[in-house]
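*Asks:* Give the three-dimensional model of this entry:
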Amino acid sequence: MAAAEVHRPGRLGDPDMTLGTDPRADPRMVAVLAAMGLDGHGEPATATADSSMEELYAWVDEAEPGFEMLFDALFADLTPPDGVVASTEVISGVDDNDITLFIHRPAKADGPMPCVYHIHGGGMVLLSAAGMSFVAWRNELASRGLVAVGVEFRNGGGKLGKHPFPAGLNDCASGLQWVAANKDALGVSTITVSGESGGGNLSLATTLKAKREGYLDIIDGVFAQCPYISGAYADPPADLPSLTENNQYFLDCENMGGIAKAYDLGGPDRTNPLAWPLHATADDLAGLPPHVISVNELDPLRDEGLAYYHKLLAAGNSAQARTINGTCHAGDVIFRTAMPEVYGATAAALRDFACSV
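*Replies:* You can find the predicted model right below:
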């Protein structure tokens, strides 16, 4: 009897498949992306690991406003929730630089509340915590009974750059320590560190840094979404098949290789777990607080997030994994209007986790 044919998903089975033609994709998401011309493979990447630093910085300067316009358009029609108040705090970081913290909270509270310390996405190289999508996310979390604190860290490029690793990580750690030192004034009971994409990287790296430097006890939980943590985008390894399966589904691996170089300068930090947490050893991971690793089915980064989850378990930690089917990279927190129940489910999962630790 002939062996049954094995169907390989995405571009592993059909190199010409796009996010728009992949039968796994949520059609509501595809409709939004198609209207923006983002449902296909797009043009070849112009910023890659082979680009010079000057070329990479120029690309970030040009691309950042485009990404901001995209996310602003997706969230422009949302009405801020009632009963949420926002404020800012400017603190001094470990490098003697100013760091802005955006604090969103319920207007009324009966006592201390769990805090989500949110680190925004953008590959550690672009975007801002002041962006409309991140403001909306903090408002969403606050409307669910949490204190949400967003940190404006230095980027590897763009309007908040050029500050390569470890500048942004240092800012995230400084902001976290300030929140912990001011829990009573903020009305905070516990702290969950969370972020998506580059923010997922920095959430995991901040936790590893806290362990190395002796203040891990201030972190009660970690909820990392679609984390960008391998640094292996210029030459995708076989043990991370989603980098091939879902390549050019909203994210392009060649382009991510260039963004990674802008962050770590293509140097020896390429295997430093504080820069790229997937390189963490069992000793690095031992004794960490509970984690949730949330990934997207149609994301090139899916398998590196799941690989980190398995490493957490192997090191003896409490860890959960969740996969949001039908969605591209960060699709569960981008398409608030098109897929409100998907957005709400991730917000609820984060709230429930923050309340449990």
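*Asks:* What mean pLDDT does the longest helix along the chain get?
*Replies:* The longest helix of the chain (DSSP state H) is helix 53-75. Taken as a whole, helix 53-75 has a mean pLDDT of 96.
*Asks:* What lies in contact with that helix?
*Replies:* 32, 36, 46-47, 51, 122, 125-128, 131-133, 136, 156-159, 161-162, 258-259, 261-262, 265, 334-337 (C-beta atoms under 8 Å, 6 or more residues apart in numbering). In short, each C-beta sits where N, CA and C put it, glycine included.
*Asks:* Would you indicate which residues of it are buried?
*Replies:* Within helix 53-75, the residues that count as buried by 16 or more other C-beta atoms under 10 Å are L56, Y57, W59, V60, A63, E64, F67, E68, F71, L74, F75.
*Asks:* do the same with stretch 91-101
*Replies:* For stretch 91-101, using 16+ other C-beta under 10 Å, the buried residues are I91, G93, I99, T100, L101.
*Asks:* what's the spacing between the longest helix of the chain and its chain's center?
*Replies:* 17 Å (C-alpha atoms, centre = their mean, to the nearest Å).
*Asks:* Beyond it, next helix or strand please.
*Replies:* Next along the chain after helix 53-75, taking DSSP states H and E as the criterion, comes strand 84-92.
*Asks:* Check which helices and strands that following strand sits against.
*Replies:* For strand 84-92, the contact count by 3 or more C-beta pairs under 8 Å, 6 or more residues apart in numbering; DSSP states H and E identifies strand 98-106, helix 132-143, helix 167-181 as packing neighbours.
*Asks:* hmm, 6 Å instead?
*Replies:* For strand 84-92, the packing partners by 3 or more C-beta pairs under 6 Å, 6 or more residues apart in numbering; DSSP states H and E come out as strand 98-106, helix 132-143.
*Asks:* Do you have the strands of the stretch 201-350 of the chain handy? List them.
*Replies:* Ranges of strands in the stretch 201-350 of the chain, per DSSP state E, counting those that start in this stretch, are 221-225, 291-296, 319-324.
*Asks:* any idea of the angle the last one forms with strand 221-225?
*Replies:* Direction vectors for strand 319-324 and strand 221-225, defined by axes from the mean of the first three to the mean of the last three C-alpha atoms, to 10 degrees, enclose an angle of 30 degrees.
*Asks:* Skipping its backbone neighbours, what lies nearest the residue most central in space within the chain in space?
*Replies:* Nearest residue to the geometric centre of the chain (C-alpha atoms, centre = their mean): E196, 1.7 Å. Among residues not flanking E196 along the chain, Q225 sits closest, at 3.9 Å (C-beta to C-beta, 6 or more residues apart in numbering).
*Asks:* ok, that neighbour - contacts?
*Replies:* Counting by C-beta atoms under 6 Å, 6 or more residues apart in numbering, Q225 touches E196, G200, S294.
*Asks:* cool, R154 as well?
*Replies:* Counted by C-beta under 6 Å, 6+ apart, R154 has contacts L160, H163, A167, G168, D171.
*Asks:* Tell me the pLDDT of it.
*Replies:* The predicted local confidence for R154 is 98.
*Asks:* from the buried residues of stretch 91-101, which is closest to P81?
*Replies:* Using C-beta to C-beta, L101 comes nearest to P81 of these, at 20.2 Å.
*Asks:* so that closest one bridges to which residues?
*Replies:* Legend: beta-bridge partners of L101 under DSSP bridges are E89, V151.
*Asks:* Quick check: it vs L160, distance?
*Replies:* In this structure, L101 and L160 are 14 Å apart, going by C-beta to C-beta, to the nearest Å.
*Asks:* burial of A181, as a residue count?
*Replies:* 12 (other C-beta atoms under 10 Å).
*Asks:* again, but for A238
*Replies:* When neighbours are counted by other C-beta under 10 Å, A238 registers 7.
*Asks:* Repeat that for E89.
*Replies:* 15.
*Asks:* on that earlier part again, can you tell which of the helices and strands packed on strand 84-92 is closest to L306?
*Replies:* So among those, helix 132-143 is nearest, using C-beta to C-beta, at 23.1 Å.
*Asks:* quick one: the residue lying closest to G187 once chain neighbours are set aside and S189, what's the gap?
*Replies:* Nearest non-adjacent residue to G187, counting by C-beta to C-beta, 6+ apart: P112, 5.2 Å away. Going from P112 to S189 by C-beta to C-beta gives 4 Å.
*Asks:* ok so, going back, what I need now is the strands of the stretch 201-350 of the chain written out in JSON lines, including distance to L176 for each item.
*Replies:* Shown next, in JSON lines, are these (distance: least, C-beta to C-beta, whole Å):
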{"stretch": "strand 221-225", "distance to L176": "11"}
{"stretch": "strand 291-296", "distance to L176": "16"}
{"stretch": "strand 319-324", "distance to L176": "20"}
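*Asks:* could you give the mean pLDDT of stretch 171-190?
*Replies:* 98.
*Asks:* Can you measure across it, start residue to end residue?
*Replies:* This stretch, stretch 171-190, spans 20 Å end to end (C-alpha to C-alpha, to the nearest Å).
*Asks:* Can I get stretch 142-154 in CSV, CA atoms only?
*Replies:* Extracted as CSV, the C-alpha positions of stretch 142-154 are listed here (Å, rounded to 0.1, in the frame of the first residue of the first chain):
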residue,chain,number,x,y,z
ALA,A,142,-7.6,48.9,32.7
SER,A,143,-11.3,48.5,31.8
ARG,A,144,-10.9,44.9,33.0
GLY,A,145,-9.8,45.9,36.4
LEU,A,146,-6.0,46.1,36.0
VAL,A,147,-3.4,48.8,36.3
ALA,A,148,-1.6,48.9,33.0
VAL,A,149,1.8,50.6,32.8
GLY,A,150,3.4,51.1,29.4
VAL,A,151,7.2,51.9,29.2
GLU,A,152,8.6,54.2,26.6
PHE,A,153,12.0,52.6,26.1
ARG,A,154,14.8,53.6,23.7
